[in-house]
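Student: Model the structure of this input:
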Amino acid sequence: MTVSRIGVVGTGTMGTGIAQVAALGGFETVLHDADPEMTEGAALKLGDDLAKGTARGRWSRPEGESALERLNFALELEQLADCDLAIEAVPENLELKRSLFARLGEALGPEAVLATNTSSLRVTEIAAGVPQPERLVGLHFFNPPALMKLVEVVAAERSSEQSLVAATEVAERMGRTPIRAKDSPGFVANRLARPFTL
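Tutor: This next block holds a predicted model:
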């Protein structure tokens, strides 16, 4: 499938960072948060961050301005309905994520890919109860997304190869380095890092 429009749910550090790299990657990007004030704050922050990146030479002025034009902000989740891919970046709460994906599964078209940015929950457990769970994958960015190149593409028990390939291609277009990971605790990077921190 071809992804041209991406929805991002959650306007914390991860959500705004993912939206930024999506817009810089050439995707029409829609950012949503359940709190309208958070959505408005994210709009201001992204404008500032894109301007700072231009000043530091991370991208050209035309690239930064084009990315800003591709960013849209939605006050209602249903405004993500025409997105080809939706990425959730909400707090690490299983029931919250399940509830969100149930709504996204209904709001988006049946071909749309659903992705979770979880770093600690099993993607298979998040997918339980989601309409067409084969379209749900893990797409784990690292903090801050604008600087960290690695993205883990995580296959749940029922994730389709089509969904995994689409997520991988999206990460590549964002200028990230995707790797395939199993749906196991810590995925790849965090699992390898734990022995060093201990």
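Student: separation between the residue nearest the centre of the chain and Leu94?
Tutor: For the chain, Ile87 is the residue whose C-alpha lies nearest the centre (Cα atoms, centre = their mean; 3.4 Å). Ile87 is 17 Å from Leu94, where distance means Cβ to Cβ, to the nearest Å. Where you see a C-beta, it was placed from the backbone N, CA and C, and this is true even at glycine.
Student: and the top helix by length along the chain, how far from the chain's centre?
Tutor: The longest helix of the chain (DSSP state H) is helix 36-55. Remark: helix 36-55 is offset 17 Å from the chain centroid, using Cα atoms, centre = their mean, to the nearest Å.
Student: any chance you could map the strands in this structure?
Tutor: 5-9, 28-32, 71-74, 85-88, 113-116, 136-141, 150-155, 177-182 (DSSP state E).
Student: Is it possible to get CSV of those that adds mean pLDDT?
Tutor: Putting the strands of the chain into CSV (pLDDT from 0 to 100) gives the following:
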stretch, mean pLDDT
strand 5-9, 98
strand 28-32, 98
strand 71-74, 96
strand 85-88, 98
strand 113-116, 98
strand 136-141, 96
strand 150-155, 96
strand 177-182, 92
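Student: burial count for Lys52?
Tutor: Applying other Cβ atoms under 10 Å, we find 12 residues neighbouring Lys52.
Student: One more: Glu65?
Tutor: 14.
Student: how about Asn143, phi and psi?
Tutor: Dihedral pair for Asn143: phi -90, psi 130, per degrees, to the nearest 10.
Student: quick one: it and Ala23, what's the gap?
Tutor: Using Cβ to Cβ, Asn143 is found at 18 Å from Ala23.
Student: Pick out whichever of the two has more residues nearby.
Tutor: Ala23 (26 against 12).
Student: so who does the more buried one touch?
Tutor: Counting by Cβ atoms under 8 Å, 6 or more residues apart in numbering, Ala23 touches Thr29, Leu46, Ala67, Leu68, Arg70, Leu71.
Student: any low-confidence regions in the chain?
Tutor: Residue ranges of the chain with pLDDT under 70: 185-198.
Student: let's see 80
Tutor: Where the chain drops to pLDDT under 80, the residues are 1, 184-198.
Student: Show the backbone phi and psi for the residue lying closest to Glu106 once chain neighbours are set aside.
Tutor: Computed as Cβ to Cβ, 6 or more residues apart in numbering, the closest residue to Glu106 that is not its neighbour in sequence is Pro131, at 6.4 Å. Main-chain torsions, Pro131, degrees, to the nearest 10: phi -60, psi 130.
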